[in-house]
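A.B. asks: Task: produce atomic coordinates for the following.
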Amino acid sequence: MARQVNTLFLEQWLRTNSGGISHTVSGHSSSSSARAIIQAWSELRDSLQNQTFHPHILQSLKTLLNSQSSLHVADPQAKLLLSVISSQSFDLPPESYPILLRLLYIWVRKSVRPSTMLIDSAVDVLSRVFATEFGLKKSPSFLAEGILILGAISFVPLVSESSKTVCLELLCRLLEEDYQLVRSWEEIIPDVLAGIGYALSSSLDVHFVRILDSLLGIWRKGDGPSSTVPTALMILHLVEWVVSGYIKSRSFKKIEAFSQGTLGTLKANYVPFSLVMVAAGVLRASRHAANGQGLEIVSTLRISAENQIVFIAQNLISKTEVFVNSDSDPTNSLLLQCMSLALARTGAVSFSAPVLVCLASALLREIFPLRHLYMQTLQFLHSSGSDLGLNEIRKHLDSVLFKEAGAITGVFCNQYVSADEESKSLVESLIWDYCQDVYSGQRQVALSLRDRKDELLVDYEKIAESAFLMVVVFALAVTKHRLNSNFSQEMQREKSVQILVSFSCLEYFRRMRLPEYMDTIRRVVACVQENESACISFVESMPTYVDLTTWQDFSSKKKMEYEWSKDEVQTARILFYVRVIPTCIERLPAFAFRRVVAPTMFLYMGHPNGKVARASHSMFVAFISSGKDSEDERVLLKEQLVFYYMQRSLEGYPGITPFEGMASGVAALVRHLPAGSPATFYCIHCLVDKANKLCSDASTLKADEWKNWQGGPEPCKKILELLLHLISLVDIQVLPALMKLLAQLIVQLPKTGQNMVLNELYAQVAESDDVTRKPTLVSWLQSLSYLCSQAKSEVVTSKGRESKENSASPGTIEPLNQDRAKARM
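C.D. replies: Take a look at the predicted model:
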């Protein structure tokens, strides 16, 4: 809270809390040395004694100003400054007046107990200066420093009523007559507002009303200062500081006057954004009110402040029928931003439907304005423009509004938790629709820009990543308050599917493992996987095969060259589905898997990204492993899918198809298909044919490369290893066919390859405890070993007619004739 005792220079505190304006006439980063400060005071005295103002005196004043944080101006120095500014012997340059006024302001604020007589003298001098010099030498900085020193003097505890009245009257006249100067140099706004804050803390008469009129109405004037978020935040914290002072000093009459002037019957010239910030400042100040006599007054003040925010929110919503999705004018946009920041800095407030909708609008349109930015970028592209809005996006990323997105999201979720059912449903729909729009917009922009503006896409993604976090936090709030016994099972499933679909749309922007995200996923998946209709609803929300493989930019006259595998946003979404669907595969009917899931699964098995391809194979494994054997439709579909699965997997191997994914798919199908299934026979034949092709060129593998079985990188070795593994997995009806095909393959290998495979087979059979198939395997292995030795003898005999040099070369042994090998088996 803004406690006055800890705020030496109010204008600096306002700047710190606004996050915007950073440079003013007093904002100097350098600090002068003690010797330089002493020298500056000395030169100023000499100038006064000599009644001359040399140009270097201005530099002396700047030296003192540069040391504002460490400079202490005592009463003697203040007398010197007053003598200089009031001297009739020399003409001060215009730029010296703001500096002299600032030094007097330092004196007033840093003096523990300034002389009352000196204060009165200062007021007389200032009155003459503004009466005679300001009109001729007026400037924005002159105005700002004048308002600042006049407000500070009126705030001095022991100042006489006459001097206070003079200061307040002069301050009001400056605000009412010369406010235009603020527009020409808006960096002085913190100084002007600080002067107003000091004055509001000290006045309780007609000046109080006039000062409030300036504070709340100056922003509506055409030639007045422009309305900005930093300015609005300064108004908020200014009011916090003022009202905190009232509460601390128990100035109940001032509290009532302030409430009547700002929270009661409002004047037409008061701008809504300033009224919102005033109400927020009151709420911040009232949080720390101590128990006692004034607690009831403070409670009433707080209620009035909340009611004012609700009233303004309601008026804002009533201006347009489709408020969230419509493009508002800058005034409405500023009001939304101010309301969201005000509530974020205020803390918990009572639920209000208009406030909830305004917060949703602010989040989706002002804080995460992705829909507007996407549309703007696409318009530039289609018009062949060169400006893609990069500066606008960078400015938004650096804004205080974007930096406080987390706090605003927290307030939004708190409002949602307390909302009625109608309001909850409304904002849920807004959030879920926003996720769909972001997915669509990001795809269009990413595909349109390609590599044209990488930095633009990076900035887009920074906004989208924060938007994703907002959606996750909101979704967690929805699950906590929707997925419980207070709501029907049907509603719980509907909300769960909506959350999953929304998460899929933003999956591309998920960059970290969030506990909130994982908690939400677990809750909604547990709800969806319990019901068949919910599973179907979720699966059918996935883009169709046609949508995935074709793209038409309808906003452009030409058809875009589209490669589905390079669409990273779409790939991330499908990867989300591919990972979630296996969790509910048991409840998913066969017809839904065939119509919706299977085409996409087979498509993404051929994706060049290994992670995506492996996930697709895992989904195949999940489906093959699901269900019961008694489900005829499901079993039939499994067998049908195997044929295309083997074609799709082997056509991309080696290269695209990850071996681990294919191996898991093959292992699953031989385990879970019915005994003697034609699909299993087809799988084995396909693997053997692929192994034949990969191993047909014996020259590709040298003899010593066959010696190391484990970890061999060659695709041929991996297929052989998979076939050997299947010996212990296939059912007894398929085993003879597998042994026959495997033997035909092995005898064609080079001698070193045969030895390696036979050794692996010996070890595998020896370790087997399957009493059913082990005798058959032992007999088969002995016959296979004999055939391999005979094949080697025949090859050597046939090669004896060739030169010794060629026959001795490793890796050049011709394979046994396939027909002869089949006859021997």
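A.B. asks: contacts, neighbours, all on C-alpha from now
C.D. replies: Noted.
A.B. asks: and the spatially most central residue of the chain, what pLDDT?
C.D. replies: By CA atoms, centre = their mean, the chain has its centre lying nearest to Ser466, at 1.0 Å. For Ser466, the pLDDT comes out at 96.
A.B. asks: check which helix or strand covers it.
C.D. replies: helix 454-482 (DSSP states H and E).
A.B. asks: From the contact counts, what lies against that helix?
C.D. replies: Here helix 454-482 touches helix 370-382, helix 390-397, helix 405-417, helix 489-505, helix 515-528, going by 3 or more CA pairs under 8 Å, 6 or more residues apart in numbering; DSSP states H and E.
A.B. asks: is it possible to export those to a markdown table including distance to Ser361?
C.D. replies: Formatted as a markdown table, the helices and strands packed on helix 454-482 follow (distance: least, CA to CA, whole Å):
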| stretch | distance to Ser361 |
| --- | --- |
| helix 370-382 | 12 |
| helix 390-397 | 17 |
| helix 405-417 | 10 |
| helix 489-505 | 18 |
| helix 515-528 | 23 |
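A.B. asks: which one of those helices lies closest to Asn759?
C.D. replies: helix 515-528 (46.9 Å; CA to CA).
A.B. asks: what does the helix or strand just after that closest one rub up against?
C.D. replies: Downstream of helix 515-528, the first helix or strand assigned by DSSP H and E is helix 532-540. The contact list for helix 532-540 (CA atoms under 8 Å, 6 or more residues apart in numbering) reads 493-494, 497, 500-501, 528-529, 577, 581, 584, 587-589, 592, 596-597.
A.B. asks: try it again with 7 Å
C.D. replies: The contact list for helix 532-540, computed with CA atoms under 7 Å, 6 or more residues apart in numbering, reads Arg493, Val497, Val528, Gln529, Cys584, Arg587, Leu588, Ala592, Val596.
A.B. asks: got it, and stretch 658-675?
C.D. replies: Here stretch 658-675 has contacts from 610, 613-614, 617-618, 620-621, 624-625, 649, 680, 722, 729-731, 733, using CA under 7 Å, 6+ apart.
A.B. asks: Apply 8 Å and report the result again.
C.D. replies: Contact with stretch 658-675 is made by 610, 613-615, 617-618, 620-621, 624-625, 629, 635, 638-639, 642, 649, 653, 679-680, 683, 718, 722, 726, 729-734, as judged by CA under 8 Å, 6+ apart.
A.B. asks: and those, which are buried?
C.D. replies: 610, 613-615, 617-618, 620-621, 624-625, 635, 638-639, 642, 649, 679-680, 683, 718, 722, 726, 729-731, 734 (16 or more other CA atoms under 10 Å).
A.B. asks: ok now stretch 173-182, how far from the chain's centre?
C.D. replies: 42 Å (CA atoms, centre = their mean, to the nearest Å).
A.B. asks: With just CA atoms, put it into CSV.
C.D. replies: Provided in CSV are the C-alpha atoms of stretch 173-182 (Å, rounded to 0.1, in the frame of the first residue of the first chain):
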residue,chain,number,x,y,z
ARG,A,173,-5.9,28.0,-12.3
LEU,A,174,-2.8,26.4,-13.9
LEU,A,175,-4.7,23.1,-14.3
GLU,A,176,-7.8,24.9,-15.8
GLU,A,177,-6.1,27.4,-18.0
ASP,A,178,-2.9,25.8,-19.2
TYR,A,179,-3.7,22.0,-19.3
GLN,A,180,-2.9,22.1,-23.1
LEU,A,181,0.8,22.2,-22.2
VAL,A,182,0.6,18.7,-20.8
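A.B. asks: Just the buried residues of the contacts of helix 532-540.
C.D. replies: Judged by 16+ other CA under 10 Å, buried ones among the contacts of helix 532-540: Arg493, Val497, Val528, Gln529, Cys584, Arg587, Leu588, Val596.
A.B. asks: Out of the residues you listed, give me the two with the largest separation.
C.D. replies: Arg493 and Val596 (20.0 Å).
A.B. asks: So what's the residue count around Lys693?
C.D. replies: 11 (other CA atoms under 10 Å).
A.B. asks: try Met375
C.D. replies: Met375, neighbours per other CA under 10 Å, totals 14.
A.B. asks: In contact with it, which residues?
C.D. replies: Contact analysis of Met375 by CA under 8 Å, 6+ apart lists Gly441.
A.B. asks: Next one: it, what pLDDT does it get?
C.D. replies: You'll see Met375 listed with a pLDDT of 87.
A.B. asks: and the gap between it and Phe659?
C.D. replies: 43 Å (CA to CA, to the nearest Å).
A.B. asks: Quick one: name whatever helix or strand follows the helix or strand Gln308 falls within.
C.D. replies: Here Gln308, judged by DSSP H and E, is contained in helix 295-318. Where DSSP H and E defines the elements, the next helix or strand beyond helix 295-318 is helix 330-346.
A.B. asks: quick check: angle from that next one to helix 405-417?
C.D. replies: 90 degrees (axes from the mean of the first three to the mean of the last three CA atoms, to 10 degrees).
A.B. asks: Export the helix or strand following helix 330-346 to CSV, keeping only CA atoms.
C.D. replies: Scanning forward in sequence from helix 330-346 by DSSP H and E, the next helix or strand is helix 353-361. The C-alpha trace of helix 353-361 is given here as CSV (Å, rounded to 0.1, in the frame of the first residue of the first chain):
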residue,chain,number,x,y,z
ALA,A,353,-21.4,-10.8,-14.5
PRO,A,354,-20.4,-7.6,-16.4
VAL,A,355,-17.0,-7.6,-14.8
LEU,A,356,-16.5,-11.2,-15.7
VAL,A,357,-17.3,-10.6,-19.4
CYS,A,358,-15.1,-7.5,-19.5
LEU,A,359,-12.2,-9.5,-18.1
ALA,A,360,-12.8,-12.2,-20.7
SER,A,361,-12.9,-9.5,-23.4
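A.B. asks: Quick check: buried residues in helix 353-361?
C.D. replies: Buried-residue list, helix 353-361, by 16+ other CA under 10 Å: Ala353, Pro354, Val355, Leu356, Val357, Cys358, Leu359, Ala360, Ser361.
A.B. asks: on that earlier part again, touching the helix holding Gln308 from outside, list them.
C.D. replies: 247, 252, 259, 263-264, 272, 275-276, 279-280, 282-283, 286, 289, 323, 332, 339, 349-350, 352, 354-355, 358.
A.B. asks: Whichever of those residues end up buried, select them in ChimeraX.
C.D. replies: The ChimeraX selection below is limited to those of the contacts of helix 295-318 classed as buried (16+ other CA under 10 Å):
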select :247,252,259,263,272,275,276,279,280,282,283,286,332,339,349,352,354,355,358
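A.B. asks: residues contacting Leu363?
C.D. replies: Listed by CA under 8 Å, 6+ apart, the contact partners of Leu363 are Pro369, Ala405, Ile408, Thr409.
A.B. asks: could those residues go into a markdown table alongside neighbour count?
C.D. replies: Output for those, formatted as a markdown table (neighbours: other CA atoms under 10 Å):
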| residue | neighbour count |
| --- | --- |
| Pro369 | 20 |
| Ala405 | 21 |
| Ile408 | 27 |
| Thr409 | 22 |
